[in-house]
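Enquirer: The following block contains a protein sequence and its predicted model.
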Protein chains: 2
Amino acid sequence: MKEKVTTAVIGLGGRGLSLLKAVILGMEDVEVLGVCDLYEDRAQAGYEAVLEARGTKPVCSLDYRDILAIPNLDSVVIATSWETHIEIAIAAMKQGIRPGVEVGPAYSIDQLWQLVHTSEETGVPCMMLENCCYGRDEMMLMNMIEQGVFGQLVHLEGGYRHDLREEIGFGRENRHYRNANYKNRNCENYPTHELGPICQMLGIHHGNRLLKLNSVASTSRGLNAYLQKEKGPDYDQAFYPFAQGDVVTTVITCAHGETITLTLDTTLPRYYSRGLLVQGTKAMYSEDNHSVFIDGVHSEADGFDWQKHWNNALEMREKYEHPVWTQFLNDGVRGGHGGMDYLVDRAFFDSVKNETKPPIDVYDMAAWMSIGVLSEESIAKGGAPVYIPDFTNGKWVETR
Amino acid sequence: MKEKVTTAVIGLGGRGLSLLKAVILGMEDVEVLGVCDLYEDRAQAGYEAVLEARGTKPVCSLDYRDILAIPNLDSVVIATSWETHIEIAIAAMKQGIRPGVEVGPAYSIDQLWQLVHTSEETGVPCMMLENCCYGRDEMMLMNMIEQGVFGQLVHLEGGYRHDLREEIGFGRENRHYRNANYKNRNCENYPTHELGPICQMLGIHHGNRLLKLNSVASTSRGLNAYLQKEKGPDYDQAFYPFAQGDVVTTVITCAHGETITLTLDTTLPRYYSRGLLVQGTKAMYSEDNHSVFIDGVHSEADGFDWQKHWNNALEMREKYEHPVWTQFLNDGVRGGHGGMDYLVDRAFFDSVKNETKPPIDVYDMAAWMSIGVLSEESIAKGGAPVYIPDFTNGKWVETR
């Protein structure tokens, strides 16, 4: 086990810079040797953040290949535009550098096979940094599922339901890749919240797998209405025919018949929700009113008034808080998104330090990202069933 | 306009008897001339309810044809098993009797065309008694939509999410048709809650229509787990391979690209919810935390804490209560299911009395019921897109 781990951050937009400043630079055992972005001001902001926090001067470049050439670089955090994640992850593994990759969708199945093959051939692990796998409720639920509270799981739902109209609508001004994606592509473009934690709950790649999906997109009205309101009818995207539907509903069927409904919902006015719903033969959980319903404890037949139980998931923490979170609360919660960012990056750097397999591996990453391109195919075919490849080539049938 | 309207109730299981006692017999302008059920004790219970409330002796029969032969019968309420609704409705129309039909799914597209043709050829209207179209929140939302609060609608969700394990699992003992349906059939078997009100919100058959659907069913585990727990492993249905999946997710696409996600969820432990979600370009509503989010009034960017707004739909009533409900509250809410049963039956009998078109007509009924059989087809095809027939033969393209 190493005492320290070296890393670099490629991609210093909103996400990368906040990970660097709020999470990575707070970890004393992580040395930041490089920062990189296509935009000079962003790269410079990363450079200054490192200099200020550590007094060291990282390599600063607009070209990720300069970063991957840094001697003794153990790992790299990739927080670039969606469409460049895999290319950079593959290049890193070829240099023996372990990539931690921010979330996003795939654009082809071929690129995912390349990712998997590269990891297998080089022996370099690749981890997706899906922070929601470390959410407090998600981890409590995993604990409850492990303890049998939910019985056998049957149906789960999740989504990314977040009003991003400003970020997307003004994506050119913001230099955000979502604008070009929404102009041109129609798919479940952000599947891994909440698919990541759901896959862990369902034992995906541990005796279960994602088998097929059906995906349907609504029409696109949200961005036009928003831009017309904000900028008037003369703004050049006010009536642009965005390819991306406002709401994409994807139903995934697992090898054992469980279903997962994913919803992408980012261009209409709404409050934030990952819409997590967990239903088993003995219990259910609903994020939207933050409640747990346990068979035999709660009962509709007894004149049960559900509204009185809203937010009762809070009470479940006494009994079912995940040990990782108990420790985290004890040590003091750090980092962005309520602590999830810290935990996922910590798990990544620990796996690099200990030279162990990461908790979210290249097969998970490939399967989760594949929903992007496979949902695009299904939508294009009117919601037709689309088969999800087995990126493990059969390794999943053994329960590990 | 008639002063009184005559009716009979066919089907006196739990639903029919409660409609008779709690709703119909409370309407002074409705005379009940007949009661009918396949089971003598049920028919007898209906007979006694009429005798007690009115002092009159209705025709009491086990054969619905005896009921349809009653002289001067204006209307009939059909609350039989799902699989007999349409046959009886058609027979009634052929006798010039207006049917009010309880909710359920269709079993073939042909039977729906027969229903439509019979109504068109006889000139006798047929109404589906979808009580949820008269729910207090549903009607408030229709009012808000009408007033433009939601902007253009884009995506709606609804479902029938209700733990019916006892009713279904012990359906033979209870003489409930759901047991046989769940043993043998896999589909969205109860689509019209919440599809009915959603179609009214979306202007279906008034310049819009249901165009296609994709439907996916989960595995079936809930009833087995329940029966094993309640009756032990030796009970004959404890391990019966029920055809019906526990959760069926159906995504309907409308002619203008709006999507509707329907969920059937009746065999797992849970609280009751019709899961209504309404999303437009200007606002959203969510039943599961009973809230309304209005663009410009509420904002996530302002550090909005959504939980503080749970149940704020209550406050919206001051401004947006539907006039029908304002009147109903003023007169005193009556009948089952929080008043919805009264309102839908009242609308039915008013249309009979006034010899007007019913508010839910034979085309609505055919389209809504078609989801039962079309979801069965889609599930059997792995969620493939299935076209929804235009039962109006083009009448829908005119906005009425």
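Expert: Received, thanks. Numbering: from 1, shown residues only, chains lettered A, B, ... in the order given.
Enquirer: burial measure for A:Gly46, as a count.
Expert: 25 (other C-beta atoms under 10 Å in any protein chain shown). (Glycine included, C-beta is placed from N, CA and C.)
Enquirer: That one and chain B: what is the separation?
Expert: As judged by C-beta to the nearest C-beta, to the nearest Å, A:Gly46 and chain B stand 25 Å apart.
Enquirer: who's in contact with that residue?
Expert: Residues near A:Gly46 by C-beta atoms under 8 Å, 6 or more residues apart in numbering or on different chains: A:9, A:12, A:16-17, A:20, A:35-37, A:58, A:60.
Enquirer: Make JSON lines from the residues you listed and add pLDDT, neighbour count and distance to A:Arg274 to it.
Expert: Shown next, in JSON lines, are the contacts of A:Gly46 (pLDDT from 0 to 100; neighbours: other C-beta atoms under 10 Å in any protein chain shown; distance: C-beta to C-beta, whole Å):
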{"residue": "A:Val9", "pLDDT": "98", "neighbour count": "29", "distance to A:Arg274": "25"}
{"residue": "A:Leu12", "pLDDT": "98", "neighbour count": "28", "distance to A:Arg274": "26"}
{"residue": "A:Gly16", "pLDDT": "97", "neighbour count": "24", "distance to A:Arg274": "22"}
{"residue": "A:Leu17", "pLDDT": "97", "neighbour count": "19", "distance to A:Arg274": "23"}
{"residue": "A:Leu20", "pLDDT": "98", "neighbour count": "26", "distance to A:Arg274": "24"}
{"residue": "A:Val35", "pLDDT": "98", "neighbour count": "28", "distance to A:Arg274": "30"}
{"residue": "A:Cys36", "pLDDT": "98", "neighbour count": "29", "distance to A:Arg274": "30"}
{"residue": "A:Asp37", "pLDDT": "98", "neighbour count": "26", "distance to A:Arg274": "28"}
{"residue": "A:Pro58", "pLDDT": "98", "neighbour count": "24", "distance to A:Arg274": "34"}
{"residue": "A:Cys60", "pLDDT": "98", "neighbour count": "21", "distance to A:Arg274": "35"}
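Enquirer: Let me have those residues in TSV, extended by distance to A:Arg209 and secondary structure.
Expert: Output for the contacts of A:Gly46, formatted as TSV (distance: C-beta to C-beta, whole Å; DSSP: H, G, I helix; E, B strand; the rest coil):
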residue	distance to A:Arg209	secondary structure
A:Val9	32	strand
A:Leu12	35	coil
A:Gly16	31	helix
A:Leu17	36	helix
A:Leu20	35	helix
A:Val35	37	strand
A:Cys36	35	strand
A:Asp37	36	coil
A:Pro58	40	coil
A:Cys60	42	strand
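Enquirer: Nearest to chain B among the residues you listed?
Expert: A:Leu17 (19.1 Å; C-beta to the nearest C-beta).
Enquirer: Surely the closest one and A:Arg42 touch.
Expert: Yes. In this structure, A:Leu17 is within contact of A:Arg42 by C-beta atoms under 8 Å, at 7.1 Å.
Enquirer: what about A:Leu195, helix or strand, and which?
Expert: Assigned by DSSP states H and E, A:Leu195 belongs to helix A:192-201.
Enquirer: count of residues packed around the residue nearest to A:Arg317 when sequence neighbours are not counted?
Expert: Using C-beta to C-beta, 6 or more residues apart in numbering or on different chains and skipping residues adjacent in sequence, the residue nearest A:Arg317 is A:Met140, 6.3 Å away. By other C-beta under 10 Å, the residues close to A:Met140 number 20.
Enquirer: Where does A:Met140 sit, in terms of helix or strand?
Expert: helix A:136-146.
Enquirer: I'd like the average pLDDT over that helix.
Expert: The average of the pLDDT scores along helix A:136-146 is 98.
Enquirer: need the next SSE after that helix, C-terminal direction.
Expert: strand A:153-161.
Enquirer: wait, A:Leu51 sits on A:Lys57?
Expert: Yes. A:Leu51 is within contact range of A:Lys57, at 6.0 Å (criterion: C-beta under 8 Å).
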